[in-house]
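In: coordinates only, no sequence provided:
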């Protein structure tokens, strides 16, 4: 079972792996369960259970479509999510993460066990979804070239993303025709725009990349804007329906059953 347990700091949570009923008491669920867990499903050899937020469920849908995860091998427990908290960049207060403000799927679209909690939690989750669809969350103006120049090119965005699973990455510098391994200011926009194109119609807004970024670049804002254009042009929203064909379907190796 892949879920969350209490972190080393008070009130925090971190991923954990439980293999016996006795250890299930370690599991917790709160607004600090921010880490994206679906990436741990890739390559799983046995049947695995996973706690999935709404965005995690969407990531699992895309991983199933890409044949990186075998649906028959996973049991999805889907609790209602009220968003995750993170520290504000301008104060010491904790605020709802920006990518959660844009989220319109508070409950995983794919689940074996749904946990809606009490009526207040369910109402709050539905209200968040209505506000997003009505355009209530405001988008701040972002000077993207300035944001890109803060990038340290640490690749944390790629390593944390549940949908970045390529064994050979075009952006880690191993294919020098695109970007080098050095942090060259002139290449930083290229690095981020290529990754943004790779995430078009695929990003599920889980915020794993943004949470991992040491430079606090609002990456999910960029990807969400591109996804909006994909939806307008092609009518496709990633991570909603496992039976819907992606607008760009690439040949993927099927997960081997062992």
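Out: Looks like it arrived, so ask away. Keep in mind that this is a model prediction, so the values were computed, not measured. Numbers count the residues shown, from 1 in each chain.
In: distance of residue 55 from residue 9?
Out: Distance, residue 55 to residue 9, by CB to CB, to the nearest Å: 23 Å. From N, CA and C alone the C-beta is placed, and that goes for glycine too.
In: check residue 42 too.
Out: 28 Å.
In: quick one, which of these two is more surrounded?
Out: Per other CB atoms under 10 Å, whichever of residue 42 and residue 9 has more neighbours is residue 42, with 13 against 9.
In: the more buried one touches residue 165, doesn't it?
Out: Yes. Residue 42 is within contact range of residue 165, at 5.5 Å (criterion: CB atoms under 8 Å).
In: what sits in contact with each of the two?
Out: Residues touching both residue 42 and residue 165 (CB atoms under 8 Å, 6 or more residues apart in numbering): 63, 68.
In: show me the strands in the stretch 101-250 of the chain, by range?
Out: For the stretch 101-250 of the chain, applying DSSP state E, counting those that start in this stretch gives strands covering 113-115.
In: can you give me the helices in it?
Out: In the stretch 101-250 of the chain, the segments counted as helices under DSSP state H, counting those that start in this stretch are 119-133, 144-149, 156-160, 188-199, 208-212, 219-234.
In: out of those helices, nearest to residue 73?
Out: Between residue 73 and the helices of the stretch 101-250 of the chain, the shortest separation by CB to CB is 22.1 Å, and it involves helix 208-212.
In: tell me what the closest one is packed against?
Out: helix 156-160, helix 219-234 (3 or more CB pairs under 8 Å, 6 or more residues apart in numbering; DSSP states H and E).
In: can you do 10 Å?
Out: With contacts defined as 3 or more CB pairs under 10 Å, 6 or more residues apart in numbering; DSSP states H and E, helix 208-212 has these neighbours: helix 54-65, helix 98-101, helix 156-160, helix 219-234.
In: how far off centre is the shortest one?
Out: The chain centroid and the centroid of helix 98-101 are separated by 11 Å, computed with CA atoms, centre = their mean, to the nearest Å.
In: go on, the last one?
Out: Taking the mean of its C-alpha atoms, helix 219-234 sits 15 Å from the chain's own mean (CA atoms, centre = their mean).
In: next, the buried residues of it.
Out: For helix 219-234, burial by neighbour count (16 or more other CB atoms under 10 Å) applies to 219-224, 226-227, 230.
In: for that helix, name the packing helices and strands.
Out: When contacts are defined as 3+ CB pairs under 10 Å, 6+ apart, helix 219-234 sits against helix 98-101, helix 144-149, helix 188-199, helix 208-212.
In: mind putting the ones you listed in a markdown table, mean pLDDT and mean neighbour count included?
Out: Shown next, in a markdown table, are these (pLDDT from 0 to 100; neighbours: other CB atoms under 10 Å):
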| stretch | mean pLDDT | mean neighbour count |
| --- | --- | --- |
| helix 98-101 | 85 | 22 |
| helix 144-149 | 88 | 14 |
| helix 188-199 | 88 | 18 |
| helix 208-212 | 92 | 23 |
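In: for the nearest residue to residue 234 once chain neighbours are set aside, what are its contacts?
Out: Nearest residue to residue 234 in three dimensions, chain neighbours excluded: residue 247, at 4.5 Å (CB to CB, 6 or more residues apart in numbering). Residues in contact with residue 247 (CB atoms under 10 Å, 6 or more residues apart in numbering) are 200-202, 230-231, 233-236, 238.
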